[in-house]
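In: Sharing a sequence plus its predicted fold:
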Amino acid sequence: MNDDTQNILGRAREIFNLEIEAASAVRDRLNGTFVDTVHAILNTTGKVILIGAGKSGVIAQKVAATLRSTGIVALFLHPGDAAHGDLGMVTDGDVVILISKSGETEELRDLIPALRRKETLLVAMVGEESSRIARSADIWLDVGVEREACPIGLAPTSSTTVTMLMGDALAAVLMQLRGFSTEDFAKNHPGGSLGKRLLLAVSDMMHGGENNPVCLPDAPMSDVLVLLTRRALGGVNVVDDNSKLLGIVTDGDVRRGIQKLGGDFLQAPAKDVMTGNPTVVKASDKAIDALLLMENRPSQITVLPVVDDANNCVGMIRLHDLIRTGIRPGR
């Protein structure tokens, strides 16, 4: 490692250390005002509104997004927009969190009289207790830092880090107190891998109704081949007159049937070629469980019949369709 590399990494580690020290200091100063803020959000019948300008505005947007992902109705309000009509989104009973490093941000100070008329609870997430915003608020959350981590001490670095941490701490504690579960989180993230794993059911993914390839046990394999080719799912479900599943004819069964029956194959009934009592999934099962069932077999299964609780064949599901959704085992 040359001197230039050591110098750059040394400077970077110094920045890390300065921000860690600032975060530790704020952590150690946590007190009853944090508890008061948590209770205010827990007990509100309204929304949580976060307001900030500049870098503080970016932090406010992130905290609002984190709160929303945990099931709390939280919105970011730009102070400039608020002063020109968007203050209408704030209603009586809302908890308003004002974020400012100095506590003297003019755009935020100017909003306080209007926010007071709406009977909101004001939380000042600012660095100076003696600032006008902190003194005007109902609760002051201390996010003060002795110095910024940037070399000239001006660019928001340590201050934005500890403010972000304060917002994360609020969100995480609220999650625990509200009993917010993995399943609850997934409901707010249906497009993510976690949401798909927890929310997608086999019924959401299966080929059912008219798209469910079925035949009777006495159907000749010539007809089964036509259906197998037309549906292109890799299998045909074999059912009785009451739609009860008897077996499945897959591409592999066709190859084995030709080897076994030779020239008699096309006239042979489906029941002589099918795999009886096949592995199945229920329509109510989670899609991730179907994926694991297919992948964890000694010889991988690529298609499964889908049944209901009465063993009626209601569809077919393919490994390809499950993989294409992006669901994956694990977190």
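Out: Structure's in. What do you need?

In: need the next SSE after the helix or strand encompassing Gln6, C-terminal direction.
Out: Element membership for Gln6, per DSSP states H and E: helix 3-28. Per DSSP H and E, the first helix or strand lying C-terminal to helix 3-28 is helix 32-43.

In: Could you name the helices and strands sitting against that following helix?
Out: Packing partners of helix 32-43 (3 or more C-beta pairs under 8 Å, 6 or more residues apart in numbering; DSSP states H and E): strand 95-100, strand 121-126, strand 139-142, helix 158-177. Backbone N, C-alpha and C define where each C-beta goes, glycine included.

In: about what we covered before: show me which residues of the helix holding Gln6 are buried.
Out: If you call a residue buried by 16 or more other C-beta atoms under 10 Å, then helix 3-28 has these buried ones: 18-19, 22-23, 26.

In: count of residues packed around Asp110?
Out: 12 (other C-beta atoms under 10 Å).

In: gap between it and Val145?
Out: Computed as C-beta to C-beta, to the nearest Å, the Asp110 to Val145 distance reads 25 Å.

In: Same check on Ser299?
Out: 61 Å.

In: which of these two has more neighbours?
Out: Set Ser299 next to Val145 and count neighbours by other C-beta under 10 Å: Val145 wins out with 23 against 5.

In: Thought Glu21 was touching the more buried one, still the case?
Out: No: look at Val145 against Glu21 with C-beta atoms under 8 Å: they stay out of range, at 9.1 Å.

In: picking up where we left off before, let me have the buried residues of helix 3-28 in TSV, adding pLDDT as columns.
Out: Shown next, in TSV, are these (pLDDT from 0 to 100):
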residue	pLDDT
Leu18	93
Glu19	95
Ala22	95
Ala23	95
Val26	95
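
In: could you dump those residues to a markdown table with distance to Val35?
Out: Output for the buried residues of helix 3-28, formatted as a markdown table (distance: C-beta to C-beta, whole Å):
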| residue | distance to Val35 |
| --- | --- |
| Leu18 | 28 |
| Glu19 | 25 |
| Ala22 | 22 |
| Ala23 | 19 |
| Val26 | 15 |
